[in-house]
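**Student:** Take a look and give me a structure for this.
(2 chains)
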Amino acid sequence: MADEFILETHGLTKEFAGFFAVRDVALKVRRGSIHALIGPNGAGKTTCFNLLTKFLRPSAGQILYKGQDITAMAPADVARLGLVRSFQISAVFPHLTALENVRVALQRQHGSSFDFWRSKSVLDRFNGRAIELLNDVGLSEFANTPAVEMPYGRKRALEIATTLALDPEMMLLDEPMAGMGHEDIDKIAALIKRISAKHTILMVEHNLSVVANLSDIITVLTRGQVLAQGNYAELSKDERVKEAYLGAGHA
Amino acid sequence: MSALTDDTLPVTPRAMRDEMIVFAAMAVLLGLVPLTGIYPFFVMQALCFALLACAFNLLIGYGGLLSFGHAMFLGTAGYCSAHALKVWGVTPEVGILVGVAGAAALSVVTGFISIRRQGIYFSMITLALSQLLFFIYLQAPFTHGEDGIQGIPQGHLFGIFNLAKPTVLYYVVLAGFLGGFLLIYRTINSPFGEVLKSIRENEQRAISLGYKTDQYKLLAFILSGTLAGFAGSLKVFVAQNASLTDVHWTMSGEIVLMTLVGGLGTIFGPVVGAFVIIAMQQYLAGFGQWVTVIQGVIFVACVLTFRRGIIGEIAHFFRRSL
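**Tutor:** Numbering: from 1, shown residues only, chains lettered A, B, ... in the order given. Have a look, this model is predicted:
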């Protein structure tokens, strides 16, 4: 079973002073799939994400990554195991160039990151791989542009390139399409589809057409709990899901 | 994350070339000082503070950490060196080593405690630790409390250079300053410096890439504290005393002021800032207590009108990295 599911949670719960942002969530992410986490605002999607990547400490429950219990691990250690996240607000290093952004991710695995007495020209050996990664996401002409000067959609692509530099087994994308125009959405969607060939992807996304096109399996969260799970066709017929999205529960 | 450093330009080969040219010009100008008749004591003192401000700038400008207790490294190294030179009678090079080692040890301990907190809490912890140390030094017998350690012998560095001669001492201090400056410059432009900058820019993202950011911040803190200590040891030979002034919190404030006036997160800003502040204290000494008021006005003017500092504004105007 551990081989089939790369990431599993049991009874995952996060309580903020009496409010349950995430309650008793059991999630199973199949290796090699694109798994989407959807739900109305405040459903606990991002909290769930922060729990999985250890940026938040769960109040209760267990997280297994490749069969290993990572519930008590530090976020940097989880990243080192190959479970790497992105952020809702585009997370680049604004005053480093695109190339330098990717290099920061590449240099970590090569053990010279504490060397303060060496020239950073030793990092030039990562340039080839960094440019390859930038090419992959269509950013080759931005290599020497500071990230802060890049258009929004390109920043998201840069973020994905930086994440890919770590060659993670599993990527967690927090609203990869948030704030993007149509053109960018198509580009990033194609990119995600392409990288899913080699990487398992769990993403939070609001854009339902993107979710419909990309995901193999969808988990619907409402009020911190799993409401339903299935593929898009199944869920679109589910009355409970419609209700949650249309807010019929409040009527 | 740091609004004060949001104008940092990316380092390109051209930027590094510009910086090396300015460095060479600075080294030559400073090397000519003894021929000009400028009071060397003033310049030597300014050089010590310039190195101190550069060390401080490494931490805030490139690591995003505002230490409000950097005087503790200056003062601790000063006391250690002064004690070793005067009481143990060691040679100058050993005296410097003792001072630097003292500051390094202190920075390991204080860094370990303070680095776990962020923003204002980090600043407050460094301030609290430096105040704690101030009161220890006030009471400890070896510092001679209010009197300080006076009349420190200068001796012969490496048995050759007679530090009692102002010109020789000047070039030794200059060499120490340039060496420290280059080490800081290298650190900023090293693989470590790249990680440090990425942490300053977006710590959460650096963590998500697998960096244990506390370890990098600790190393930056230790480097900064140790180099600040080196400045303190050099200063002992210039002032020939070690006193409580150097560990007082107002000294920590002055370090912040020098760096801000010169330009936070710029390579040369802290040097310019240190010279401006020391020159003000020197040449406005006739105004007595008013110096503090004038300094305060300059500080306010700096923050209100040229937020990037002297060098920061110049660099921004020419779109260069300085």
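**Student:** which stretches of chain B form strands?
**Tutor:** B:156-157, B:161-162 (DSSP state E).
**Student:** Direction included, what does the last one pair up with?
**Tutor:** What it means is strand B:161-162. Using DSSP bridges, strand B:161-162 pairs in its sheet with strand B:156-157 (antiparallel).
**Student:** Now do the partner strand: everything it contacts.
**Tutor:** With CB atoms under 8 Å, 6 or more residues apart in numbering or on different chains as the test, strand B:156-157 has contacts from B:91-93, B:162-163, B:172. Quick note: C-beta positions are derived from backbone N, CA and C, even for glycine.
**Student:** List the ones among the residues you listed that fall in helices.
**Tutor:** B:92-93, B:172 (DSSP state H).
**Student:** What subset of the residues you listed is buried?
**Tutor:** B:92, B:172 (16 or more other CB atoms under 10 Å in any protein chain shown).
**Student:** Specify which member of the ones in helices among the contacts of strand B:156-157 is nearest to chain A.
**Tutor:** The closest of the ones in helices among the contacts of strand B:156-157 to chain A turns out to be residue B:93 (CB to the nearest CB; 20.9 Å).
**Student:** so who does that closest one touch?
**Tutor:** Residue B:93 touches B:157-158, counting by CB under 8 Å, 6+ apart.
**Student:** just residue B:55 next, same as before
**Tutor:** Applying CB under 8 Å, 6+ apart, the residues contacting residue B:55 are B:70, B:73, B:180, B:184, B:223-228, B:230-231.
**Student:** give me that answer again for 10 Å
**Tutor:** B:67, B:70, B:73-74, B:103, B:180-181, B:183-184, B:223-231, B:255, B:259, B:270 (CB atoms under 10 Å, 6 or more residues apart in numbering or on different chains).
**Student:** same check, this time on residue B:295
**Tutor:** B:253-254, B:257, B:261, B:277, B:280-281, B:284.
**Student:** Then residue A:37?
**Tutor:** Residue A:37 touches A:25, A:27, A:29, A:43-46, A:48-49, A:52, A:172, A:174, A:202-205, A:211, A:215, A:218-221, A:226, counting by CB under 10 Å, 6+ apart.
**Student:** quick check, it in a strand?
**Tutor:** Yes. Under DSSP: H, G, I helix; E, B strand; the rest coil, residue A:37 sits within a strand.
**Student:** From the chain's centroid, how far away is stretch B:107-114?
**Tutor:** 17 Å (CA atoms, centre = their mean, to the nearest Å).
**Student:** State the mean pLDDT of that stretch.
**Tutor:** For stretch B:107-114, mean pLDDT rounds to 96.
**Student:** And for stretch A:23-41?
**Tutor:** pLDDT averaged over stretch A:23-41 gives 90.
**Student:** Which positions in that stretch come out as buried?
**Tutor:** A:23, A:25, A:27-29, A:32-40.
**Student:** quick check, residue A:50 in a helix?
**Tutor:** Yes. With three-state DSSP as the criterion, residue A:50 is located in a helix.
**Student:** so is the closest residue to it other than its chain neighbours in a helix, a strand, or just coil?
**Tutor:** Excluding its sequence neighbours, the residue lying closest to residue A:50 (CB to CB, 6 or more residues apart in numbering or on different chains) is residue A:56, at 4.0 Å. Classification of residue A:56 using three-state DSSP returns coil.
**Student:** now swap in residue A:88 and tell me
**Tutor:** coil.
**Student:** from what I can see it touches residue A:55, true?
**Tutor:** No. Residue A:88 is beyond contact range of residue A:55, at 11.8 Å (criterion: CB atoms under 10 Å).
**Student:** list the residues that contact both of the two?
**Tutor:** With CB under 10 Å, 6+ apart, residue A:88 and residue A:55 have common neighbours A:46, A:49.
**Student:** so which strand or helix has residue A:203?
**Tutor:** Using DSSP states H and E, residue A:203 maps to strand A:200-204.
**Student:** Residue A:228 belongs to a helix, doesn't it?
**Tutor:** No. Per three-state DSSP, residue A:228 lies outside any helix segment and is strand.
**Student:** who's in contact with residue B:211?
**Tutor:** Shown in contact with residue B:211 (CB under 10 Å, 6+ apart): A:75-76, A:79-80, A:104-105, A:107-108, A:113, B:195, B:198-199, B:203, B:205.
**Student:** next one: residue B:88
**Tutor:** So residue B:88 contacts B:94-95, B:98 (CB under 10 Å, 6+ apart).
**Student:** so the residue nearest to residue A:50 sits right up against residue A:21, yeah?
**Tutor:** Yes. Counting by CB under 10 Å, residue A:56 touches residue A:21, with 8.9 Å between them.
**Student:** And those two? Which one has more around it.
**Tutor:** residue A:21 (21 against 18; other CB atoms under 10 Å in any protein chain shown).
**Student:** mind checking the backbone torsions on that one?
**Tutor:** phi -70, psi -40 (degrees, to the nearest 10).
**Student:** Please apply the same query to the one 3 residues further on.
**Tutor:** Recorded main-chain torsions at residue A:24 are phi 50, psi 50, according to degrees, to the nearest 10.
**Student:** which element is the closest residue to it other than its chain neighbours on?
**Tutor:** Spatial nearest neighbour of residue A:24, excluding adjacent residues (CB to CB, 6+ apart): residue A:11 at 5.2 Å. Using DSSP H and E, residue A:11 falls within strand A:5-16.
**Student:** ok, now residue A:221?
**Tutor:** Residue A:221 belongs to strand A:217-222, assigned by DSSP H and E.
**Student:** helices or strands next to that strand in the packing?
**Tutor:** strand A:19-30, strand A:34-38, helix A:45-52, strand A:200-204, helix A:208-214, strand A:225-230, helix A:232-236, helix A:239-246 (3 or more CB pairs under 10 Å, 6 or more residues apart in numbering or on different chains; DSSP states H and E).
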